[in-house]
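Chemist: Turn this into a model:
(chains A, B and C)
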Amino acid sequence: MPDSNGKRVSGKIVEVEAYRGPEDRASHAYGGRRTKRTETMYRTGGVAYVYFVYGMYYQFNVVSNVGDVPHAILVRALEPVEGIETMRERRHSHPDHNLTNGPGKLCIAMGIDRQLDGADLLGDRVWIEEYESVSTRRIAKGPRIGIDYAEAWIDKPWRFWIKNNSYVSR
DNA sequence: CAAGTGATTAGC
DNA sequence: CTAATCACTTGC
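Modeler: As a prediction, this is how the structure comes out:
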């Protein structure tokens, strides 16, 4: 995405989690919950779902299904590609591998906030484009993070990351 | 390991 | 209206 000076700030997605609509206890849309916040997830795929948690962090998701089916992919970590100086300023003086290796951190580094909630991911405010292909052998999977309340859904292996990539979150 | 932070939600 | 919760990060 462009920064305030029009320069590009970008990263390769190296870690994601899937959140599966009404039946997934861990999802904000569990049970079909449809509120002002979750409304974005019910849109047709290809838009951003951005929300605020823990009083200080944003999370960036990609809405991923047809309209009225609230599925989304949480982007948990990026490997910085462009605009790394901007990221360093925003995350002041953290080592580079710590710039974007978590869902809240990457939003700070990229400059993502609520204004991007519902943004078209093929638009010009924020977008996703093809960068390089990753063979399935290099992708690992495991349980999701931070959803201890999700009961039977806790152990679903819906977190995916690129093996041996140092920008994957802890 | 625990606190911090405030929007969001559910429950009166 | 009020209280509890939270798809996290940082600094003890």
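Chemist: Now do the same contact list for the closest residue to A:Pro157 other than its chain neighbours.
Modeler: Closest residue to A:Pro157 apart from its sequence neighbours, by Cβ to Cβ, 6 or more residues apart in numbering: A:Lys141 at 4.6 Å. (Glycine included, C-beta is placed from N, CA and C.) Applying Cβ atoms under 8 Å, 6 or more residues apart in numbering to A:Lys141 gives the contacts A:157-161.
Chemist: Repeat that for A:Ala77.
Modeler: A:13-15, A:100-103, A:106, A:161, A:167-169.
Chemist: Now intersect the residues you listed with the helices, please.
Modeler: Among these, the residues falling in helices (DSSP state H) are A:103, A:106.
Chemist: And the contacts of A:Ala77, which of them are buried?
Modeler: By neighbour count, with 16 or more other Cβ atoms under 10 Å, those hold A:13-15, A:100-103, A:106, A:161, A:167-169 as buried.
Chemist: returning to what we had before: same list (the contacts of A:Lys141) but as CSV, adding pLDDT.
Modeler: Below are the contacts of A:Lys141 laid out as CSV (pLDDT from 0 to 100):
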residue, pLDDT
A:Pro157, 98
A:Trp158, 98
A:Arg159, 98
A:Phe160, 98
A:Trp161, 98
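Chemist: Can you turn the buried part of those into a ChimeraX selection?
Modeler: To isolate the buried ones among those in ChimeraX, judged by 16+ other Cβ under 10 Å, type:
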select /A:158,159,160,161
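Chemist: Which one of the contacts of A:Lys141 is nearest to DNA strand B?
Modeler: Distance to DNA strand B across these (Cβ to the nearest atom of the strand) is lowest for A:Arg159, with 19.5 Å.
Chemist: That closest one reaches A:Arg144, doesn't it?
Modeler: Yes. Between A:Arg159 and A:Arg144 there is a contact under Cβ atoms under 8 Å: 4.7 Å.
Chemist: what sits in contact with each of the two?
Modeler: A:Glu17.
Chemist: residue contacts, A:Met13?
Modeler: Met isn't right for residue A:13; it's Ile. For A:Ile13, the contact set (Cβ under 8 Å, 6+ apart) comprises A:75, A:77-78, A:128.
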